[in-house]
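Asker: next one to model:
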Amino acid sequence: MIPNRFPDHGEIPDYNSVDASLWFVHAVDRYLAYTGDEKGAGSDIWNIIREIIEASSEGTRYGIQADDDGLLTAGEPGVQLTWMDAKVGDWVVTPRSVKPVEVNALWVHALSLASTLAEVFDDRAFAETCAGRKKKAAASFETTFWNPETACLYDLVDGDHRDESIRPNQILALSLPGRPLSRGQELSVLQVVEEKLLTPVGLRSLAPEDPSYQGHYGGDPHARDGAYHQGTVWTWLLGPFVTAWVRAARRAIKGGKPCAVLPQRDKTPQA
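Answerer: Predicted coordinates for the structure are as follows:
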């Protein structure tokens, strides 16, 4: 695992993040996409990625491991492992244990890159293993996370419980390479995210009609942390949204369809 926080005064780093290591794999992928320098990534980096895949598959701290369906599970009571990590005392504001949607989008992507790099570094057995895991996880992703009622993705799946909260985490299933959804599903997710979450400065962390939505970030620490991921707009999410939109537009152009992949709106989305 990769630490998600280094304390200011030399204490032990915090490792309470299921996705920090997967974002590292994504960073390597972006380097390779821009440079094409697969060998230049170096055997040291490849070995780190291999260890990340193995540890995540077989199991590491906080219950992080691959499930029988190939998807990644994670979580312990009272521990916040995703980027939506607000916690006040014993109050876990956004409990997202077991199978968060963006974590598994990152997982499918990590398996895909690991399979490619394993071939580059002549580790063919591991390449086949990762390719098989990726195929299984991608197939499970669609059947597990697609919500036909809302025409978008569940934010979290925990056994029979499926969290229907409309959050921006699902946009990563569209913006990352090797996306595990059909074109129709991608367009539907984009439309829902645009209608419910898009503002001029970022994406809301929760749809306004949700009973848990907080439309104001302010007040004391308890009030602020209670709104942190319950409606507060996050600018960084515009990157994945624009990436997903551009990719959908390109697919429409290649298919001989108009570039406007989303319906035109009469009004600018408001914060």
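
Asker: where does the stretch 1-150 of the chain have low pLDDT?
Answerer: For the stretch 1-150 of the chain, no stretch has pLDDT under 70.

Asker: can you show me the helices along it?
Answerer: With helices called from DSSP state H, counting those that start in this stretch, the stretch 1-150 of the chain shows them at 20-35, 42-58, 101-120, 124-145.

Asker: most tightly packed of those helices?
Answerer: Each of the helices of the stretch 1-150 of the chain was assessed for mean neighbour count using mean count of other C-beta atoms under 10 Å. The highest is helix 101-120, with a mean of 24. (Each C-beta comes from the backbone N, C-alpha and C, glycine too.)

Asker: hmm, back to that, and the helices of the stretch 1-150 of the chain: which comes nearest Val233?
Answerer: Nearest of the helices of the stretch 1-150 of the chain to Val233, taken as C-beta to C-beta: helix 101-120 at 17.2 Å.

Asker: so which elements touch the closest one?
Answerer: Packing contacts for helix 101-120, counted by 3 or more C-beta pairs under 8 Å, 6 or more residues apart in numbering; DSSP states H and E, involve helix 20-35, helix 42-58, strand 72-73, helix 124-145, helix 172-175.

Asker: reformat those as TSV; add distance to Val192.
Answerer: Below are the helices and strands packed on helix 101-120 laid out as TSV (distance: least, C-beta to C-beta, whole Å):
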stretch	distance to Val192
helix 20-35	24
helix 42-58	29
strand 72-73	24
helix 124-145	13
helix 172-175	11
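
Asker: nearest to Glu194, of the helices of the stretch 1-150 of the chain?
Answerer: For Glu194, the closest of those is helix 101-120, at 17.5 Å, according to C-beta to C-beta.

Asker: quick one: that closest one to chain centroid distance?
Answerer: Helix 101-120 sits 12 Å away from the centroid of its parent chain (C-alpha atoms, centre = their mean, to the nearest Å).

Asker: with just CA atoms, put that helix into CSV.
Answerer: Extracted in CSV, the C-alpha atoms of helix 101-120 (Å, rounded to 0.1, in the frame of the first residue of the first chain):
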residue,chain,number,x,y,z
VAL,A,101,-17.7,2.1,-7.8
GLU,A,102,-14.6,4.3,-8.5
VAL,A,103,-12.3,1.9,-6.6
ASN,A,104,-13.4,-0.9,-8.9
ALA,A,105,-13.1,1.3,-12.0
LEU,A,106,-9.5,1.9,-10.9
TRP,A,107,-9.0,-1.8,-10.2
VAL,A,108,-10.1,-2.8,-13.7
HIS,A,109,-7.8,-0.2,-15.2
ALA,A,110,-4.8,-1.3,-13.0
LEU,A,111,-5.3,-5.0,-14.1
SER,A,112,-5.3,-3.9,-17.7
LEU,A,113,-2.0,-1.9,-17.4
ALA,A,114,-0.4,-4.7,-15.3
SER,A,115,-1.2,-7.2,-18.1
THR,A,116,0.4,-4.9,-20.7
LEU,A,117,3.6,-4.2,-18.6
ALA,A,118,4.0,-7.8,-17.8
GLU,A,119,4.4,-8.5,-21.5
VAL,A,120,6.9,-5.7,-21.8
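
Asker: chain neighbours aside, what residue packs nearest to Leu72?
Answerer: Of all residues not flanking Leu72 in the chain, Trp107 sits nearest, at 4.4 Å (C-beta to C-beta, 6 or more residues apart in numbering).

Asker: any idea how far the one you found lies from Ala137?
Answerer: To Ala137, Trp107 is 6 Å away according to C-beta to C-beta, to the nearest Å.

Asker: and for the two, which residues touch both?
Answerer: Residues touching both Trp107 and Ala137 by C-beta atoms under 8 Å, 6 or more residues apart in numbering: Leu71, Leu72.

Asker: which of the helices and strands packed on helix 101-120 sits closest to Phe241?
Answerer: Taking the helices and strands packed on helix 101-120 one by one with C-beta to C-beta, helix 172-175 is closest: 7.4 Å.

Asker: show me the contact partners of the closest one.
Answerer: 101-102, 105-106, 141, 145, 153, 179-181, 186, 189-190, 239-241, 243-244, 247-248.
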